[in-house]
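Q: predicted model and sequence below, questions to follow.
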Amino acid sequence: MNRVNLKGVLSLIFILIVGFLGTRCATPKEGVKTYPKDYVHPLTEINLEKVFAENRGLRVLEENATKVNDFYRGGVQEKEEGEILLKEGKWEEARKHLEKSNRFLRVVVKYIPEDEAHRDIYEGQTVIFLPNLLMADNDLKLVTVYKNMKNENKAAEVKAEGQYYLAESLKSVKTEWASQIKKGFE
């Protein structure tokens, strides 16, 4: 009789533990913001400098990237380097970094195709996660690079690609930054 009672008590404890853990997983996280569908994130909230700041640190090399977060960080780091070179008028070097940034980011959208204003990457740590928008911005910059290098065909090709990634970004999140990129493509 004791054996039956012990078995019943252990079963009850097991059910309570599983039930407790199940309800904990189903509760919404604290601090996660929700936005109306038509909300446009202002430049003060989401901008390129903030994206760069969130992804500075240990340099990600293509051969060392193993996780989606690594590829995202590597893409942002390459973009930042390309932007610096663009300001210096070093077209060929800037092109290489912007194209490398797009290679990193294409891996990201293969696994996580939607942009997010704030993506939880660690417990409670969020980042601005806009791989499609970053590629669209890269392509907008590459249009300028290719025009300066007198390669109109390649400029037209990256413009079409950039408009595609801009449209993909706008499907999931709207930002003033995206509106600026859209105007740049016009």
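A: Thanks, I have the structure now.
Q: rest of the way, CA atoms for contacts and neighbours
A: Noted.
Q: what about S179, which helix or strand?
A: Mapping S179 onto the secondary structure by DSSP states H and E places it in helix 176-185.
Q: show me the residue at the heart of this structure, geometrically.
A: By CA atoms, centre = their mean, the chain has its centre lying nearest to F129, at 2.9 Å.
Q: looking at the residue lying closest to it once chain neighbours are set aside now. What's its pLDDT?
A: Among residues not flanking F129 along the chain, E116 sits closest, at 5.1 Å (CA to CA, 6 or more residues apart in numbering). In the prediction, the pLDDT value recorded for E116 is 85.
Q: now E116: phi and psi?
A: E116 has phi and psi values of phi -140, psi 140 when expressed as degrees, to the nearest 10.
Q: circling back to that earlier point, give me the distance from the helix holding S179 to the chain's centre.
A: In terms of CA atoms, centre = their mean, to the nearest Å, the centre of helix 176-185 is set 17 Å apart from its chain centre.
Q: residue ranges with poor pLDDT in this protein?
A: Using pLDDT under 70 as the threshold, the predicted model of the chain has low-confidence ranges 1-33, 122, 124.
Q: tell me where it has strands.
A: 40-41, 116-122, 125-129, 174-175 (DSSP state E).
Q: adding distance to V107, write the ones you listed out as TSV.
A: Shown next, in TSV, are the strands of the chain (distance: least, CA to CA, whole Å):
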stretch	distance to V107
strand 40-41	25
strand 116-122	16
strand 125-129	14
strand 174-175	22
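Q: skip the chain neighbours and tell me the closest residue to D38.
A: In space, and not counting its chain neighbours, D38 is closest to K174: 7.4 Å by CA to CA, 6+ apart.
Q: now do the contacts for that neighbour.
A: K174 sits next to 38-41 when contact means CA atoms under 8 Å, 6 or more residues apart in numbering.
Q: export the residues you listed to TSV and tack on distance to Q125 and neighbour count?
A: Below are those laid out as TSV (distance: CA to CA, whole Å; neighbours: other CA atoms under 10 Å):
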residue	distance to Q125	neighbour count
D38	25	8
Y39	22	11
V40	22	15
H41	19	17
